[in-house]
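S.K.: build me a model:
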Amino acid sequence: MRLVPALLCTFLGLSWQLLTVHYNYRGNVTALFCAGVNLSIPPALEGEHIYRFANSSGYDGQTYHYVAHDPLARLGIGRVLPDASFRYRRILLPAMAYLLALGRQHWVDRSYLACNLLFLFLGSWWLAELLSRIGIHPGFAVLYLIVPATVISLDRLTVDLALASLALGFAVYATRGSRWRLLAVVALAPLCRETGVVLVVAAAMPHLRARRYREATFWASALLPAIAWYGFVRWSFGPFFTSDTVPLLSALGGVLHPFPYRFPALVRAVLYVFDALLLAGEWVAIVVGLRKLREVAADPVRAAVVLWAIGAIPISVWTEFYSSSRVLTPLLLFEFLRSFPERRSIDRLPLLMVSPRIWIQLLPQIGGVLRGIFAG
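M.R.: This next block holds a predicted model:
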């Protein structure tokens with residue numbers, strides 16, 4: 001039963017991308033990388049006809065796109081990125097795209113899309129398994145399509161869908177399944193983005209508590225590939241990106257300095273309501289996660305929830321709802337799934353509060369697709 005929802009979820013994700021590219025971006029698939037005119041195109045890619053959004057600095061997907069064309073920094077593409085030492089750490093998805101394309105530059109863009117969809121398939125596959133374990137029909141795994149990290153990664157090709165899917169794989173194998181599959185998942189997660197380190201720590205914590213130090217060392221060794229890669233990035237591009245964000249102040253900034261939408265007053269008011277709902281949902285997720293602090297060393301999945309909740313407090317992306325929601329998606333998913341066996345409805349609220357604002361962001365694209373279909 002896992003295969004059907006996973007295939008359906010992947011098919012729907014691909015269908016949406018093809019529709020929005022065709023009707024909203026004149027068939028130019030590079031629009032999904034969300035490149036802006038304010039960031040220069042690397043000279044090596046100037047002939048690629050990259051779709052660029054006017055009056056925009058673009059979004060994260062554009063930098064991962066460039067990294068995918070030059071994962072080992074041999075072509076000089078990374079040298080033009082203002083935050084190369086930051087973006088190159090998140091090598092998993094770009095490197096997979098490059099390898100799938102066999103290093104052929106003209107294949108990289110589509111192989112990147114294919115790899116992103118592979119993680120959509122894996123995430124819905126693992127979600128179907130988790131749902132069946134808690135007595136819910138695995139067919140509901142198709143709804144993985146509409147969680148924040150999935151929506152945003154399909155829309156702007158960020159790496160967050162990949163990490164959210166790996167987190168679900170962690171939940172599957174941490175409680176039941178192959179030891180080596182779990183090791184593969186936790187080793188890949190930090191190469192996807194830095195917050196994936198949480199999965200390595202969570203895998204080791206129960207063994208540390210039980211003083212099984214050899215076993216804890218085994219799981220800690222999953223960090224070695226990331227350490228080696230981070231060292232290469234540091235050697236290639238210099239010091240890592242740093243932030244002077246003060247814990248809690250960045251979160252308060254989302255309330256004190258709301259995003260200056262350029263819409264009529266009524267539309268702005270509606271957006272601010274949903275922005276506030278999203279921010280409140282994220283704080284509920286943190287509070288719910290911290291409630292399990294005493295259980296942090298007993299269960300790898302609960303350890304991951306607590307660690308993500310703690311790590312969410314000082315992150316510097318609270319003032320931009322697309323950023324905060326995709327980063328926190330693994331936490332939201334874990335809490336939502338745990339709410340059923342533990343019968344705690346409040347644990348479901350964060351995901352339900354955060355998601356509507358993400359869906360609203362797609363309304364202009366949906367309108368463009370519908371207009372194109374009915375006009376044709």
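
S.K.: going by C-alpha atoms from here, please, whenever you check contacts or count neighbours.
M.R.: OK.

S.K.: counting neighbours, what do you get for residue 342?
M.R.: Using other Cα atoms under 10 Å, residue 342 has 10 neighbouring residues.

S.K.: report pLDDT for it.
M.R.: Note on residue 342: pLDDT of 84.

S.K.: quick check: it vs residue 169, distance?
M.R.: Residue 342 sits 21 Å away from residue 169, going by Cα to Cα, to the nearest Å.

S.K.: same check, this time on residue 153
M.R.: Look at residue 153 and residue 169: by Cα to Cα, they are 18 Å apart.

S.K.: with residue 207 instead?
M.R.: Per Cα to Cα, residue 207 is found 20 Å from residue 169.

S.K.: and the two? Which one has more around it.
M.R.: residue 169 (24 against 21).

S.K.: can you check the pLDDT for that one?
M.R.: pLDDT, residue 169: 97.

S.K.: which helix or which strand is home to it?
M.R.: Taking DSSP states H and E as the criterion, residue 169 maps to helix 160-175.

S.K.: which of the residues in that helix are buried?
M.R.: Judged by neighbour count using 16 or more other Cα atoms under 10 Å, the buried positions of helix 160-175 are 160-174.

S.K.: equivalent analysis for stretch 67-75, please.
M.R.: Buried, per 16+ other Cα under 10 Å, within stretch 67-75: 67-73.

S.K.: any chance of these in JSON lines, plus pLDDT, distance to residue 89 and secondary structure?
M.R.: Output for the buried residues of stretch 67-75, formatted as JSON lines (pLDDT from 0 to 100; distance: Cα to Cα, whole Å; DSSP: H, G, I helix; E, B strand; the rest coil):
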{"residue": "67", "pLDDT": "95", "distance to residue 89": "10", "secondary structure": "helix"}
{"residue": "68", "pLDDT": "96", "distance to residue 89": "12", "secondary structure": "helix"}
{"residue": "69", "pLDDT": "95", "distance to residue 89": "15", "secondary structure": "helix"}
{"residue": "70", "pLDDT": "93", "distance to residue 89": "13", "secondary structure": "coil"}
{"residue": "71", "pLDDT": "94", "distance to residue 89": "10", "secondary structure": "coil"}
{"residue": "72", "pLDDT": "92", "distance to residue 89": "11", "secondary structure": "coil"}
{"residue": "73", "pLDDT": "88", "distance to residue 89": "12", "secondary structure": "coil"}
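
S.K.: quick check: of those residues, which lies closest to residue 48?
M.R.: residue 69 (11.3 Å; Cα to Cα).
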